[in-house]
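Q: Got a predicted structure here, sequence first:
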Amino acid sequence: MSAPFLSLRDIFAAYGPAEVLFDLSFDLAEGEIAALMGRNGMGKTTTIRSICRLQQLTHGAIHLDGHDITRLDAHEAARLGLGLVPEGRRCFAPLTVEENLVVAARPGHWDLARITELFPRLGERLGQRAGSLSGGEQQMLAIGRALMTNPRLLLLDEATEGLAPLIRQEIWAAIEVVAGGSGLTTLVVDKSLAELRGLARRAIVLEKGRKVFDGAMADLTTDLCERYLGV
Ligand SMILES: Nc1ncnc2c1ncn2[C@@H]1O[C@H](COP(=O)(O)OP(=O)(O)OP(=O)(O)O)[C@@H](O)[C@H]1O
């Protein structure tokens with residue numbers, strides 16, 4: 001079997017004295033789409049931030065395509081192909097849509113033309129300041145900005161949180177095109193179970209910073225969803 005594309009081994013992480021991730025290990029194969037799930041405060045964002053090297057580990061190791069990235073800083077990890085769509089979007093409000101998109105662009109499949117084809121609303125607003133966009137448009141911009149780096153691993157943290165149903169549908173359709181259509185390795189955090197089931201064949205579930213399920217999405221039964229996700 002080939003080596004995993006992403007590998008987390010025995011990860012522990014803490015905020016000061018408060019430990020939040022405990023002995024977390026999982027692998028992703030190249031091209032795999034996995035959902036990282038769990039109720040509020042279970043450690044999903046901390047896991048994503050750990051992979052992006054925005055969160056120090058107290059123990060453990062992370063490898064990306066054979067490179068040990070455990071001690072890299074976020075910029076170095078990004079250069080190796082990590083594309084993050086962070087919780088809360090974090091667009092550069094004073095910059096225009098186009099400036100947001102090109103600021104971290106790297107050559108590859110995703111360029112301005114392809115992003116505006118994916119999100120026509122962004123194409124219509126290239127000269128508009130990001131801070132004046134709607135929440136849904138800012139979310140599209142955050143996804144577009146991550147794609148413009150032409151990542152090899154895309155990490156999506158709550159990409160549809162707090163958005164109106166129609167915009168959510170638009171964003172899920174785009175994620176489907178990006179992840180499902182292009183074979184981009186993707187780890188997605190979200191609370192929309194139905195959409196996650198449609199997108200990811202694999203589910204990893206955290207409870208209080210520990211992995212409690214790692215397997216086929218189809219094996220995440222109603223009982224398990226009630227127990228671990230409260231749905
Ligand atoms: N900056 C911080 N300082 C202290 N504790 C934090 C900080 N960020 C998160 N925590 C705590 O760490 C734990 C894990 O948080 P994390 O954000 O990783 O969970 P999550 O599963 O992503 O939750 P949510 O679904 O609410 O975003 C929680 O108990 C949270 O209160």
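A: Nice, I can see it.
Q: what's downstream of the lowest-mean-pLDDT helix or strand in the chain, the next helix or strand?
A: Lowest by mean pLDDT, DSSP states H and E among the helices and strands of the chain is helix 181-182, with a mean of 78. With elements assigned by DSSP states H and E, the helix or strand that comes after helix 181-182 is strand 185-189.
Q: strands paired with that next one, and their directions?
A: Strand 185-189 sits in its sheet next to strand 33-37 (parallel), strand 153-157 (parallel), going by DSSP bridges.
Q: how about CSV for the ones you listed, with distance to Y15 and mean pLDDT added?
A: Where you see a C-beta, it was placed from the backbone N, CA and C, and this is true even at glycine. Shown next, in CSV, are the strands paired with strand 185-189 (distance: least, CB to CB, whole Å; pLDDT from 0 to 100):
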stretch, distance to Y15, mean pLDDT
strand 33-37, 19, 97
strand 153-157, 17, 96
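Q: Now for Q169, which secondary structure element holds it?
A: Assigned by DSSP H and E, Q169 falls within helix 165-175.
Q: what's that helix packed up against?
A: The contact analysis (3 or more CB pairs under 8 Å, 6 or more residues apart in numbering; DSSP states H and E) places helix 165-175 against helix 135-148, helix 193-199.
Q: interface residues of the chain facing the ligand?
A: When proximity is defined by CB under 6 Å from any ligand atom, the chain lies next to the ligand at Y15, A18, V20, G38, N40, G41, M42, G43, K44, T45, T46.
Q: okay, now the first one: neighbour count?
A: Summarising burial for Y15: neighbours were counted as other CB atoms under 10 Å, giving 10.
Q: Read off the pLDDT value for it.
A: With respect to pLDDT, Y15 scores 95.
Q: now the fifth one
A: Predicted confidence (pLDDT) at N40: the value is 94.
Q: cool, and the third one?
A: As predicted, V20 sits at a pLDDT of 97.
Q: So it, which state does it fall into?
A: Of the three states, V20 takes strand under DSSP: H, G, I helix; E, B strand; the rest coil.
Q: That one is in contact with G43, isn't it?
A: Yes - between V20 and G43 there is a contact at 5.2 Å, judged by CB atoms under 8 Å.
Q: ok, back up a step: closest to T186 out of the helices and strands packed on helix 165-175?
A: Closest to T186 of the helices and strands packed on helix 165-175, according to CB to CB: helix 193-199, at 8.2 Å.
Q: Show me what the closest one is packed up against.
A: Judged by 3+ CB pairs under 8 Å, 6+ apart, helix 193-199 is in contact with strand 33-37, helix 165-175.
Q: if we go to 10 Å?
A: For helix 193-199, the elements it packs on are strand 33-37, helix 165-175, strand 185-189, strand 202-207, judged by 3 or more CB pairs under 10 Å, 6 or more residues apart in numbering; DSSP states H and E.
Q: how about these, which one is nearest R106?
A: Smallest distance to R106 across the helices and strands packed on helix 193-199 (CB to CB): 16.6 Å, for strand 185-189.
Q: contact partners of the least confident helix or strand of the chain?
A: Residues from elsewhere that reach helix 181-182, judged by CB atoms under 10 Å, 6 or more residues apart in numbering: G31, H109, W110, L147, L154, A174, I175.
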